[in-house]
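Trainee: following is a predicted model, sequence given first.
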Number of protein chains: 2
Amino acid sequence: MNFDEFIKRTGIPVSFEKGAHVFHQGDSNDSLYFVISGLAKAYYLSIDGKESIKSFIKPGNMISSLSSAHARLPCTFNLLVLENTQLLEIPFKCLTKAAKEHHAIANQLIDRLLMLSMKKEQREYELLTLSVESRYLNFMEREPILAEQLTQNDIAKYLGVTPVALSRIKNRLK
Amino acid sequence: MNFDEFIKRTGIPVSFEKGAHVFHQGDSNDSLYFVISGLAKAYYLSIDGKESIKSFIKPGNMISSLSSAHARLPCTFNLLVLENTQLLEIPFKCLTKAAKEHHAIANQLIDRLLMLSMKKEQREYELLTLSVESRYLNFMEREPILAEQLTQNDIAKYLGVTPVALSRIKNRLK
DNA sequence: TTTGCGCATTAACCTAGGTTAAAACGAGAT
DNA sequence: ATCTCGTTTTAACCTAGGTTAATGCGCAAA
């Protein structure tokens, strides 16, 4: 039994129109979502209404609110789709159940989680040690195609800076 | 077969004197370390010599350079002990091998990795959205005992500011 | 064609934190 | 008791980015 196969066999197809929310911060949501086509963004909204983007989720990638699905707490972030998007929805419990029943799936899940940890570590590293300018340059180098699909606004909020500041940085660079 | 048991049975005890390095950035190091007693810090050193602290590792917790142990790249950070410290050292391969052989260990490892991901997500969230002042307050509330063992210098470097700035913030707060 | 709206840019001003350096403050070693 | 070394505080100055607001630029709806 293969991990990808499991996702594709178990997942229920759901579609969202550009701009729609899959779930909101504060909700309870126990699913894992696999992006088939389209694009999603996971973002935080602070009390005073400021938006910060946690991540963009491209086709082939997955997203889940671990705090809700695994720890049974409210979702800490919002998930919305930036394009018309097709997802596969899998109850998180199904996945952990499958891991418990099929040793192969457990090991493939471990591999995914290790990859995820490394990715998160990289982002944490950049936020901790790099200037906004360096983060911007890294992002543009690593994700040139994605960057073209995004507004300056969203790139800025992903980098942890205001759109105004990002505009200045771009200006400074050329 | 239990995860903790496995670590304790397989791990080789190693000791480091206060101030000693377990490994350096750029090294290759394929081990996972479990802290029995003492305290360790994982930190980045930038080209211009600036230090940023990735995390502190307390007794009962584990640390590994995933990029080296799992992805066979050089370590991205340094690991040094802040007190005389006893560790258990386990080749990372042993752990993944054990997960492949024992389904129970695989599932406990999944649980640990999910916890780790949530922790990293929390840190990423704070770095992305909160001011240094809020991060400082959160840290002091969450880790009051740990904070007492650390210098202001190390707390600042963990929060991503200079010691000078942290001193100012403390002053402002009282 | 016009209206409206979201996005990007620019400018002026403000603030938090960086930088550098000096002084003050321990705690341990001699 | 004094010296030393690392840590913390304080101060002066600088810079990156935040804030607010005005302007310009599409593009889609009417």
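Mentor: Ah, there it is.
Trainee: residue A:14 should be in a strand, yeah?
Mentor: Yes. Under DSSP: H, G, I helix; E, B strand; the rest coil, residue A:14 falls within a strand.
Trainee: what's the neighbour count on it?
Mentor: Neighbour count for residue A:14, taken as other CB atoms under 10 Å in any protein chain shown: 14. C-betas here are computed from N, CA, C, even on glycine.
Trainee: leaving out sequence neighbours, find the closest residue to residue A:158.
Mentor: Once flanking residues are discounted, residue A:158 sits nearest to residue A:53: 4.1 Å by CB to CB, 6 or more residues apart in numbering or on different chains.
Trainee: can you count the residues close to the one you found?
Mentor: 21.
Trainee: and it, what element?
Mentor: Assigned by DSSP states H and E, residue A:53 belongs to strand A:51-57.
Trainee: what's next to that strand, contact-wise?
Mentor: Here strand A:51-57 makes contact (CB atoms under 8 Å, 6 or more residues apart in numbering or on different chains) with A:33, A:35, A:39-46, A:63, A:77, A:82, A:123, A:146, A:150, A:154, A:157-158, A:160, B:121, B:124-125, B:128-129.
Trainee: now with 6 Å, please.
Mentor: Residues outside strand A:51-57 that contact it (CB atoms under 6 Å, 6 or more residues apart in numbering or on different chains): A:35, A:40-45, A:63, A:77, A:157-158, B:128-129.
Trainee: among the residues you listed, which pair sits farthest apart?
Mentor: Pairwise distances among the contacts of strand A:51-57 were taken by CB to CB; the largest, 23.9 Å, belongs to A:35 and B:129.
Trainee: filter the contacts of strand A:51-57 to the buried ones?
Mentor: A:35, A:40-44, A:63, A:77, A:157-158, B:128-129 (16 or more other CB atoms under 10 Å in any protein chain shown).
Trainee: out of the residues you listed, which are inside strands?
Mentor: A:35, A:40-44, A:63 (DSSP state E).
Trainee: from these, which is closest to residue A:116?
Mentor: With CB to CB as the yardstick, the closest approach to residue A:116 among those comes from residue A:63, at 10.4 Å.
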